[in-house]
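Peer 1: from the sequence below, what's the structure:
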Amino acid sequence: MIIRKFVVGPLQENCYVVGDMKARQAIVIDPGDEPDRIVDELKDHGLDAHAVILTHAHFDHVGAAGDIKKATGAKILMHREDLESYNLAKEQAFFWGYDMDDLPQPDGFVDEGDEIKAGSLSFRVMHTPGHSKGGLCLYGEGIVFTGDTLFQGSVGRTDFPGGSIEELKKSFQRLLSLPEDTTVYSGHGPETTIGKEKKENFFMGEL
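Peer 2: Modelled structure (predicted):
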């Protein structure tokens, strides 16, 4: 397994390329910006990206999805509950003072329990609302991609449209039920582990 993290865009969002080097298959998670860097990485490793997975649809996580699809043919997949946010992503970017290209419509929707595969790698979709209605995480292979649900020492905001502190508490508790040695790759900031977050995350005091 290969995992490459790209810190992209004005909000320093984490995009991930996850691939099976033997099968030469990959997925791209949350391509928020700088598509050329991401496509070059795929080419450098001879990886065929068949899917772009969006953990949620805020503009800083989806801005380059169309470019990645155009360059690779990958399907854009997300949770249906975030479709409204996805369709408003360009408007959201403008509100924050940034420009963004129009996005193609997603190619499909995923939900709780679905499997996302890249060669022999398999990740289970966890629907984790709170930061957004359609927030999701990908768990498998001893790791979890948490988008903006869980960060090192923190959690995602709930003051955007579709956010809910009560839903975030439930999603946070679900993630903390994963094995403590699970490595967490979040939407912003450095990697951590579930065990470390159970001990150090400030949000533990909110439960």
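
Peer 1: against E91, how distant is H58?
Peer 2: From H58 across to E91, the span is 12 Å (CB to CB, to the nearest Å). The way it works is simple: take the backbone N, C-alpha and C, and place the C-beta from them, glycine included.

Peer 1: mind listing what the closest residue to L42 other than its chain neighbours touches?
Peer 2: Distances taken as CB to CB, 6 or more residues apart in numbering place A49 nearest to L42, at 5.5 Å, with adjacent residues excluded. Counting by CB atoms under 8 Å, 6 or more residues apart in numbering, A49 makes contact with V17, Q25, A26, I27, V28, L42, I68, T72, A74.

Peer 1: rewinding a little: looking at H58 and E91, which is more packed in?
Peer 2: H58 (31 against 10; other CB atoms under 10 Å).

Peer 1: would you mind measuring from that one to Y16?
Peer 2: Note on H58: its distance to Y16, by CB to CB, is 16 Å.

Peer 1: what does A64 give?
Peer 2: In terms of CB to CB, A64 sits 13 Å off from Y16.

Peer 1: so the two - more neighbours on which side?
Peer 2: When A64 and Y16 are compared for neighbours, A64 comes out ahead with 29 against 22, by other CB under 10 Å.

Peer 1: from what I can see that one touches R37, true?
Peer 2: No - in this structure, A64 is not within contact of R37 by CB atoms under 8 Å, at 9.3 Å.

Peer 1: what segments of the protein are helices?
Peer 2: Under the criterion DSSP state H, helices of the chain are mapped to 35-44, 59-62, 65-72, 83-87, 89-95, 165-176, 194-200.

Peer 1: just name the shakiest helix or strand of the protein by mean pLDDT.
Peer 2: Using mean pLDDT, DSSP states H and E, the weakest-scoring helix or strand in the chain turns out to be helix 89-95, at a mean of 88.

Peer 1: name the residues that touch it?
Peer 2: With CB under 8 Å, 6+ apart, helix 89-95 has contacts from A57, H58, F59, D60, V62, G63, S85, D99, M100, D101, D102, L103.

Peer 1: gap between stretch 78-96 and the chain center?
Peer 2: Here the centre of stretch 78-96 is set off from its chain's centre by 14 Å, with CA atoms, centre = their mean, to the nearest Å.

Peer 1: list the buried ones in stretch 23-34?
Peer 2: Q25, A26, I27, V28, I29, D30, P31, G32, D33, E34 (16 or more other CB atoms under 10 Å).

Peer 1: which of these sits closest to T193?
Peer 2: Distance to T193 across the buried residues of stretch 23-34 (CB to CB) is lowest for I29, with 18.5 Å.

Peer 1: from E200, how far off is that closest one?
Peer 2: Taking CB to CB, one finds I29 at 24 Å from E200.

Peer 1: please apply the same query to H188.
Peer 2: 17 Å.

Peer 1: and the strands in the chain?
Peer 2: 2-8, 13-20, 25-29, 48-53, 75-78, 108-109, 115-118, 121-127, 136-140, 143-147, 150-151, 154-155, 183-186, 192-193 (DSSP state E).

Peer 1: could you list every helix and strand in contact with the first one?
Peer 2: Read that as strand 2-8. Counting contacts by 3 or more CB pairs under 8 Å, 6 or more residues apart in numbering; DSSP states H and E, strand 2-8 packs against strand 13-20, helix 35-44.
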